[in-house]
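In: heads up, no residue letters with this:
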Ligand SMILES: [Zn+2]
């Protein structure tokens with residue numbers, strides 16, 4: 001509902017909003033959200049929550065978080081009911097709770113404790129990366145992490161850059177989702193093991209090297225910075241496709257390397273080295 005802020009009206013029962021296509025009035029509450037996600041049969045269903053804007057006043061955020069907890073309980077009841085039905089697509093569907101509370105540490109912690117008691121399949125931290133400084137986001141993660149169950153997946157919603165991911169893993173996060181690798185690629189911003197490269201820069205006009213010399217992706221094996229830059233500049237769709245392919249490969253590879261480093265006990269060294277490299281503009 002966050003992106004529809006101008007069109008919505010939040011009540012205890014759920015959210016009323018107007019369709020951005022034809023203005024039609026639509027209602028969605030926790031039960032409707034669970035039914036939709038159950039019909040999709042996704043591996044993970046996310047709880048129905050309110051993601052407050054940043055900045056939001058303390059009182060509004062407190063009331064919103066309490067309602068989000070009441071909504072979560074309704075989500076659990078509805079999900080249990082749906083799983084007991086014969087025709088349900090995915091009876092193993094997991095339900096993740098979402099921690100909210102804006103930038104207020106006490107609300108965040110109190111909420112995480114409450115939802116931890118409800119024994120969900122996983123715990124997301126929501127409502128971050130909505131315009132606050134990265135340092136604030138890291139502080140919130142550090143504040144709530146000790147109260148998130150140790151044996152459940154921790155998911156940071158809508159994050160982020162390779163550095164954000166590295167910093168969050170160092171603070172105990174397991175799972176991420178973000179439009180960044182694909183959206184930034186379409187604008188010529190490529191993530192590499194040497195830092196962030198903007199292919200629009202004139203210096204790449206005749207540069208025959210690959211996007212990333214340390215990358216094994218099909219794009220880096222066959223195409224040059226100059227050629228992909230030319231495609232992007234000419235508005236050729238292939239330029240965007242190649243850039244997206246590289247960035248998605250890079251993100252997958254980054255997570256693979258992180259898992260490997262965690263498994264063999266060398267994450268700390270990896271973190272210290274790459275936290276200062278991955279965000280550098282090259
Ligand atoms: Zn590549």
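Out: Looks like it arrived, so ask away. Given the structure is predicted, the values throughout are model-derived calculations rather than measurements. Residues are numbered from 1 along each chain as shown.

In: Mind listing residues that contact stretch 201-215?
Out: Contact with stretch 201-215 is made by 190, 192-194, 197, 199, 219-221, 223-226, 228-229, 243, 246, 249-250, 253, as judged by CB atoms under 8 Å, 6 or more residues apart in numbering. Glycine gets a C-beta too; all of them are placed from N, C-alpha and C.

In: let's go with 6 Å and repeat that
Out: Outside of stretch 201-215, the residues within contact range by CB atoms under 6 Å, 6 or more residues apart in numbering are 190, 192, 193, 220, 224, 225, 226, 229, 246.

In: same check, this time on stretch 228-242
Out: Under CB under 6 Å, 6+ apart, the answer for stretch 228-242 is 186, 188, 199, 204, 219, 223.

In: so which of the residues you listed is the most crowded?
Out: residue 199 (23 neighbours; other CB atoms under 10 Å).

In: For the residue lying closest to that residue once chain neighbours are set aside, give me its contacts.
Out: In this structure, residue 199 finds its nearest non-sequential neighbour in residue 188, 4.2 Å apart by CB to CB, 6 or more residues apart in numbering. Residues in contact with residue 188 (CB under 6 Å, 6+ apart) are 198, 199, 200, 232.

In: Quick one: mark the members of the residues you listed that sit in helices.
Out: When DSSP state H defines the helices, the subset of these inside them is residue 232.

In: Residue 20: which of the contacts of residue 188 is nearest?
Out: Nearest to residue 20 among those, counting by CB to CB, is residue 232 at 29.5 Å.

In: what about the closest one, distance to the ion?
Out: Computed as CB to the ion, to the nearest Å, the residue 232 to the ion distance reads 15 Å.

In: Around that residue, how many other residues sit close by?
Out: 20.

In: The helix or strand containing residue 181 and the ion in contact?
Out: Here residue 181 is covered by helix 180-186, with elements defined by DSSP states H and E. No. Judged by CB under 5 Å from the ion, helix 180-186 stays clear of the ion, getting no closer than 10.7 Å.

In: residues making contact with the helix or strand that that helix is followed by?
Out: Once the chain leaves helix 180-186, the next helix or strand it forms, by DSSP H and E, is strand 189-192. Residues outside strand 189-192 that contact it (CB under 6 Å, 6+ apart) are 162, 197, 198, 211, 212, 247, 250.

In: If we use 10 Å, what do you get?
Out: Strand 189-192 has contacts (CB atoms under 10 Å, 6 or more residues apart in numbering) with 161-163, 180-181, 183-185, 196-200, 210-215, 219-220, 225, 228, 242-244, 246-251, 254, 277-282.
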